[in-house]
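J.: Just the structure for this:
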Amino acid sequence: MATAGIGAAVLLAATSGASAGAFLIRSQSAAGFGSALAGVAAGDRLSYSYWNPAVLGTIHDFRVEANAAGIFPSFDIEPDATTNAFVAGAGGTPSGSIDVGKNALVPSSYAAYALTENLTAGLVLSSPFGLASESPNNWAGQIYSRSSEIFSLNVNPMLAYRVNDMLTVGAGVQAQYFKATLSQAAGIEPGAPDAELDANDIGFGFNLGIQLRPWQGTSIGLGYRSSIEHDLEGDLTSPLGRFDVGTTLDTPDVLSLGISQAVSDRMRLLGTVEWDRWSRLDGDLPVAASNGAVLTSLYLDYRDGWLYSVGAEYDASDKLTVRAGIGYERVPLTVENRDTRLPESNQVILSTGLSYKYSNRLSVDLSYLYSFGVGDDRINIQDGNDRFLGQPFSASSELDVSILSAAVSYRFGVAD
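T.: As a prediction, this is how the structure comes out:
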């Protein structure tokens, strides 16, 4: 039987998130998800300030907003017959199709206050990066993954200044807590113990934005969220022992361009192009012990991600606005770096939503977003691949994700 000799102290992780490339989370706005995020950097909803701090310039009072997104992913992995035959011959556990996706709840909250006629302050509490996946303890790919958890908390105070009726600029700072816990089997045999990496850090970054209204009915926005360097420290535990370790991970820069164009008094067409600079993670991340010895590496080798979306919103009445959108995402993963933690492929995104204004003070947003994988979805870990741990692993995969989002917004100091 194969034993802990295959990857006993190795944790090689490529991680993925729902409705976003790799472990980026875009579930920050129920209203934005209603239009597949089309036009968010150019919009006027408080939660759109996540993508562009200049959005705060559209707010002239004191308001708060709370969002929550329920994420229901399905990430099916079906090992090939050749993989199962190898695993069975080596004393492991062959397996059919498994679903490694785990449901998650992602909250975010916002506040904005107009300090002067032209200056507005804002605060965003969000989770920009995250992941939750789990596979059976005994399965054909257990030496490549068992469970994956990434958690982040971002605190982002911002300011926006209205230069004139056409131009608003915004800026903010980010303080971000980041934690990763990744495990896989230390051997191929049933009941093999885990090898687990657990590390965390607090890092800092910034965000910038601009919003331009060149003429009546047109808004163009450009928002930028900087990369944040995390010097992760924690421990690596395996049958060989426990080691204090550290590595450095840079989160991607995110650049979002949005446009909103009114086509009537009640209807607006929306568009977004977003660039996610995942190529910052374009190779191995060495995981070193406190004495500097490299114990293993996290092999990522990501390419940049892109999101393209278009949508529309229509004011059905003074109280009700309805939205819909469609998008396409090119994710950072390809067959060269896709693995079993969450085997993401390029995605098509469909969404719909609504906003209802109960009064001048209180309004709610609801949305439903569905994304599904398209194109190449193969996992192929063979000799010569940096992820290879002595066991060839080939599989097909299938992705689909449903996300239900809701938000409540309240304005202070206005009459009902």
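J.: among the helices and strands of the chain, which one scores worst on average pLDDT?
T.: When the helices and strands of the chain are scored by mean pLDDT, DSSP states H and E, strand 294-299 comes last with a mean of 74.
J.: Flag every buried residue along the following helix or strand past that strand.
T.: Counting by DSSP states H and E, the next helix or strand C-terminal to strand 294-299 is strand 305-315. Residues 305-313 are the ones in strand 305-315 that count as buried (16 or more other C-beta atoms under 10 Å). C-beta here means a position set from N, CA and C on the backbone, and glycine is covered the same way.
J.: do the same with stretch 282-292
T.: For stretch 282-292, by 16+ other C-beta under 10 Å, it's 284-288.
J.: which strands and helices sit next to the helix or strand harbouring Gly271?
T.: Element membership of Gly271 [criterion: DSSP H and E] is strand 267-276. Applying 3 or more C-beta pairs under 8 Å, 6 or more residues apart in numbering; DSSP states H and E, we find strand 267-276 packed against strand 254-262, strand 305-315.
J.: Output these as JSON lines; include the columns mean pLDDT.
T.: As requested, the helices and strands packed on strand 267-276 are exported to JSON lines (pLDDT from 0 to 100):
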{"stretch": "strand 254-262", "mean pLDDT": "98"}
{"stretch": "strand 305-315", "mean pLDDT": "97"}
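J.: so what's the residue nearest to Pro136 when sequence neighbours are not counted bridging to?
T.: Nearest non-adjacent residue to Pro136, counting by C-beta to C-beta, 6 or more residues apart in numbering: Ile98, 6.3 Å away. For Ile98, the beta-bridge partners under DSSP bridges are Ile77.
J.: Equivalent analysis for Asp198, please.
T.: With DSSP bridges as the rule, Asp198 is bridged to Thr181, Asp235.
J.: residues contacting the residue nearest to Pro136?
T.: By C-beta atoms under 8 Å, 6 or more residues apart in numbering, the contact list for Ile98 reads 76-78, 135-136, 139.
J.: go again using 7 Å as the cut-off
T.: 77, 135-136, 139 (C-beta atoms under 7 Å, 6 or more residues apart in numbering).
J.: Kindly report the same for Asn118.
T.: Contacts of Asn118 (C-beta under 7 Å, 6+ apart): 161-162.
J.: for Glu149, same thing?
T.: Counting by C-beta under 7 Å, 6+ apart, Glu149 has contacts 131-132, 181.
J.: Would you reformat those as CSV and include pLDDT and distance to Ala293?
T.: Converted to CSV, the contacts of Glu149 look like this (pLDDT from 0 to 100; distance: C-beta to C-beta, whole Å):
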residue, pLDDT, distance to Ala293
Leu131, 82, 28
Ala132, 83, 31
Thr181, 91, 22
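J.: quick one: which of the residues you listed is nearest to Leu269?
T.: Leu131 (33.7 Å; C-beta to C-beta).
J.: How many neighbouring residues does that closest one have?
T.: 25 (other C-beta atoms under 10 Å).
J.: Now the nearest residue to it once chain neighbours are set aside: which helix or strand?
T.: Once flanking residues are discounted, Leu131 sits nearest to Ile150: 4.0 Å by C-beta to C-beta, 6+ apart. According to DSSP H and E, Ile150 maps onto strand 147-162.
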